[in-house]
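K.L.:
predicted model and sequence follow; I will ask about them next.
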Amino acid sequence: MRDFHLPGRSPVLATNGMCATSHPLAAQVALDMLKAGGNAVDAAIAAGVLLGVCEPQMTGIGGDCFVLLDVPGQKDIIALNGSGRAPAGLSADRLRAKGLTRMPERSVHTVTIPGAVDAFCTLSRDWGRLSMAEALAPAIHYAEVGVPVAPRVALDWKLAARGAFLSGVARDFYLHNSAAPKVGDIFRVPEQAKVLRAIAKDGRAGFYEGEVADDMVASLKALGGTHEMQDFARPHAFYTTAISGSYKDVDLIEHPPNGQGATAILMANMLSHFDLATLDPLGADRAHIEAEAAKLAYDARNRIIADPDETTRLEHMLSPGTAERLATLINPRRAMTSATKLSEAVHRDTVYLTVVDRDRMAVSLIYSIFHSFGSGLASDKFGILFQNRGSGFNLTEGHQNEAAGGKRPMHTIIPGMLGENGKVIMPFGVMGGAYQPNGHIRFLSNMVDYGMDGQTAIDAPRSFADQGKLKLERGYSTEVRTRLADMGHDVVISDTPIGGAQAIRIDHDRGILIGASDPRKDGCAIGY
């Protein structure tokens with residue numbers, strides 16, 4: 001339990017239904033959907049699409065999503081991959097011929113086809129209780145009348161404007177007189193309301209065909225892209241099989257590739273070889289061992305994870321034997337140099353939300369346009385921001401994640417669930433790009449090894465070994481930073497908070513829901 005003498009958040013308790021999102025308007029809309037007779041799927045779609053209006057730097061209909069869904073009466077957890085493919089005309093050879101050795105971060109060549117809308121339409125059709133039109137109504141309303149810009153959103157927006165992340169018509173849609181909006185300024189995207197109405201009326205065809213698709217394709221081709229109408233028209237979302245591991249009797253359920261969920265399972269398997277519970281949760285030793293495990297797990301990720309059809313060594317990555325061998329490489333007192341052999345894009349922008357309804361249907365949904373404001377490019381007519389997920393490819397000839405037309409790149413966004421005794425006890429997720437697998441394990445270990453409740457586990461300071469640096473939040477003491485430096489880490493204070501998280505604990509015995517939401521974002525958990 002938290003110390004009530006200190007600032008903090010209490011967990012949120014309810015019985016009928018609950019949602020946790022990174023923006024309060026989205027959380028309220030999700031709850032409204034539940035009260036109106038919708039289920040967790042309806043609520044998650046409503047909240048997710050609205051977040052594209054409330055947090056356009058993080059997500060939007062030009063992006064991708066991944067979903068884990070636990071449906072009462074269904075034996076297995078349902079996994080839905082809502083990631084789009086590269087256009088058929090994408091060629092690594094042509095990019096290498098231009099002198100590139102890695103995928104650019106913000107370029108028309110990194111724009112992959114949006115998959116999230118297809119996934120939302122699939123979810124609504126197969127598992128929703130309300131119509132797609134009903135689920136989209138709140139986002140349509142707020143796109144037209146606008147939303148006040150929240151504090152964390154304003155900070156991210158300011159950094160994006162300072163970094164000149166937006167270009168072309170995207171500047172007209174997402175900047176006010178070439179500047180980021182301030183806290184409380186009203187942000188509107190009325191043209192996107194028209195797109196959402198088309199989806200509400202015609203389903204996926206309202207987005208991937210007709211006027212909206214024409215706008216996206218024409219805009220991308222004018223920027224030098226190889227995108228064609230048939231790239232958009234083909235199906236993108238598909239059902240797959242969740243993967244799982246365990247950490248001290250708690251099941252960790254993740255989405256399979258092309259997401260990086262296997263990285264979290266590999267980290268959990270490695271850390272099971274260390275008695276973390278005997279270490280100070282905010283001490284140097286724990287941060288060091290976690291950092292070393294992350295270096296090794298992320299190196300495996302870069303070697304193995306790619307398009308689902310190209311990921312051939314997943315079983316090896318999930319094997320306890322692999323984790324045991326990697327764990328022996330960790331020196332508890334000395335940092336290794338970076339284990340990462342392949343370059344990766346740097347990013348931190350994603351939204352995660354979770355909803356549990358009265359019947360205990362649970363949705364774990366993560367939704368992103370990748371970097372802040374994605375590629376920084378938007379469609380001319382409707383202002384749809386294009387994601388730059390193609391920067392998750394590499395240009396290493398013959399590599400399974402080499403850029404190619406029709407392939408899905410390695411993805412960073414991963415929804416998670418925890419289980420015990422065959423039951424889901426917590427849908428959860430951690431935002432923050434590359435940090436996400438590390439974040440899943442830090443969150444899990446905080447609860448399992450140190451007895452923290454979900455909110456306290458989210459609130460606790462974070463560290464992350466990334467790009468040769470050990471990033472620490474300011475919650476770590478000077479003494480810990482000094483000791484980690486003495487161990488050989490290149491310690492830096494992270495410029496921004498590391499990630500964000502949401503979670504809902506399902507207490508099956510008592511019939512209650514316990515929500516948690518990250519104070520690093522503007523959102524909240526609410527229930528009824």
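P.N.:
On my side now, so go ahead. Residues are numbered from 1 along each chain as shown.
K.L.:
is it true that residue 243 touches residue 254?
P.N.:
Yes - taking C-beta atoms under 8 Å as the contact criterion, residue 243 and residue 254 are neighbours in contact, 5.4 Å apart. Heads up, the C-betas are built off the backbone N, CA and C, glycines and all.
K.L.:
which of those two has more neighbours?
P.N.:
Neighbour count, other C-beta atoms under 10 Å: between residue 243 and residue 254, residue 254 has more, with 28 against 21.
K.L.:
beta partners for the more buried one?
P.N.:
With DSSP bridges applied, residue 254 shows beta-bridge pairing to residue 243, residue 416.
K.L.:
one step back: which neighbours do residue 243 and residue 254 share?
P.N.:
When contacts are counted by C-beta atoms under 8 Å, 6 or more residues apart in numbering, residue 243 and residue 254 are jointly contacted by 261-262, 265.
K.L.:
pLDDT and secondary structure added to these, as TSV?
P.N.:
TSV is the format used below for the shared contacts of residue 243 and residue 254 (pLDDT from 0 to 100; DSSP: H, G, I helix; E, B strand; the rest coil):
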residue	pLDDT	secondary structure
261	97	helix
262	97	helix
265	98	helix
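K.L.:
surely residue 423 is in contact with residue 509?
P.N.:
No - between residue 423 and residue 509 no contact is recorded; they are 10.4 Å apart, counting by C-beta under 8 Å.
K.L.:
of those two, which one has the most company?
P.N.:
Neighbours were tallied for residue 423 and for residue 509 using other C-beta under 10 Å; the higher tally belongs to residue 423 (12 against 5).
K.L.:
now the more buried one. Nearest residue, chain neighbours left out?
P.N.:
residue 508 (6.0 Å; C-beta to C-beta, 6 or more residues apart in numbering).
K.L.:
dump the residue contacts of that neighbour.
P.N.:
Under the criterion of C-beta under 8 Å, 6+ apart, the contact list for residue 508 reads 360, 423, 425.
K.L.:
wait, is residue 245 part of a strand?
P.N.:
Yes - assigned with DSSP: H, G, I helix; E, B strand; the rest coil, residue 245 falls within a strand.
K.L.:
and it, what does it touch?
P.N.:
Residues in contact with residue 245, defined by C-beta under 8 Å, 6+ apart, are 251-252, 254, 265-266, 268-269, 318.
K.L.:
per-residue confidence for it?
P.N.:
In the prediction, the pLDDT value recorded for residue 245 is 96.
K.L.:
ok, back up a step: what score does the residue nearest to residue 423 have for pLDDT?
P.N.:
According to the model's per-residue confidence, residue 508 sits at a pLDDT of 97.
K.L.:
quick check on it: phi, psi?
P.N.:
According to degrees, to the nearest 10, the main-chain angles of residue 508 amount to phi -60, psi -30.
K.L.:
with residue 367 instead?
P.N.:
Main-chain dihedrals, residue 367, degrees, to the nearest 10: phi -150, psi 130.
K.L.:
what do you get for residue 364?
P.N.:
Backbone torsions for residue 364, taken as degrees, to the nearest 10, come to phi -120, psi 110.
K.L.:
quick one: it from residue 70, how far?
P.N.:
Between residue 364 and residue 70 the distance, using C-beta to C-beta, to the nearest Å, works out to 8 Å.
K.L.:
just residue 138 next, same as before
P.N.:
Distance of residue 138 to residue 70, computed by C-beta to C-beta: 24 Å.
K.L.:
which SSE is residue 135 in?
P.N.:
Assigning secondary structure by DSSP states H and E places residue 135 in helix 132-145.
K.L.:
how about the strands in the stretch 201-350 of the chain?
P.N.:
Using DSSP state E, counting those that start in this stretch, the strands found in the stretch 201-350 of the chain span residues 238-241, 243-247, 250-254.
K.L.:
adjacent strands (with direction) for the first one?
P.N.:
Each strand that strand 238-241 pairs with, and the sense of that pairing, follows from DSSP bridges: strand 78-82 (antiparallel).
K.L.:
just want the angle from the partner strand to strand 250-254.
P.N.:
For strand 78-82 and strand 250-254, the angle between their directions (axes from the mean of the first three to the mean of the last three C-alpha atoms, to 10 degrees) works out to 30 degrees.
K.L.:
give me the next element, helix or strand, following strand 78-82.
P.N.:
According to DSSP H and E, the helix or strand after strand 78-82 is helix 92-97.
K.L.:
next helix or strand past that following helix?
P.N.:
Tracing the chain C-terminally past helix 92-97 and defining elements by DSSP H and E, one meets helix 116-127 next.
K.L.:
can I have the longest helix anywhere in the chain written out in CSV, keeping just the CAs?
P.N.:
Criterion DSSP state H: the longest helix present in the chain is helix 284-304. C-alpha atoms of helix 284-304 as CSV (Å, rounded to 0.1, in the frame of the first residue of the first chain):
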residue,chain,number,x,y,z
ALA,A,284,22.1,-0.5,-8.3
ASP,A,285,22.3,-4.3,-8.3
ARG,A,286,18.8,-4.8,-9.6
ALA,A,287,19.1,-2.1,-12.3
HIS,A,288,22.4,-3.6,-13.4
ILE,A,289,21.1,-7.2,-13.8
GLU,A,290,18.0,-6.0,-15.6
ALA,A,291,20.1,-3.9,-17.9
GLU,A,292,22.4,-6.8,-18.8
ALA,A,293,19.4,-9.1,-19.5
ALA,A,294,17.9,-6.4,-21.7
LYS,A,295,21.1,-6.1,-23.8
LEU,A,296,21.1,-9.8,-24.5
ALA,A,297,17.4,-10.1,-25.1
TYR,A,298,17.3,-7.1,-27.5
ASP,A,299,20.2,-8.5,-29.4
ALA,A,300,18.2,-11.8,-29.8
ARG,A,301,15.2,-9.7,-30.9
ASN,A,302,17.2,-8.0,-33.6
ARG,A,303,18.5,-11.3,-34.9
ILE,A,304,15.2,-13.2,-34.9
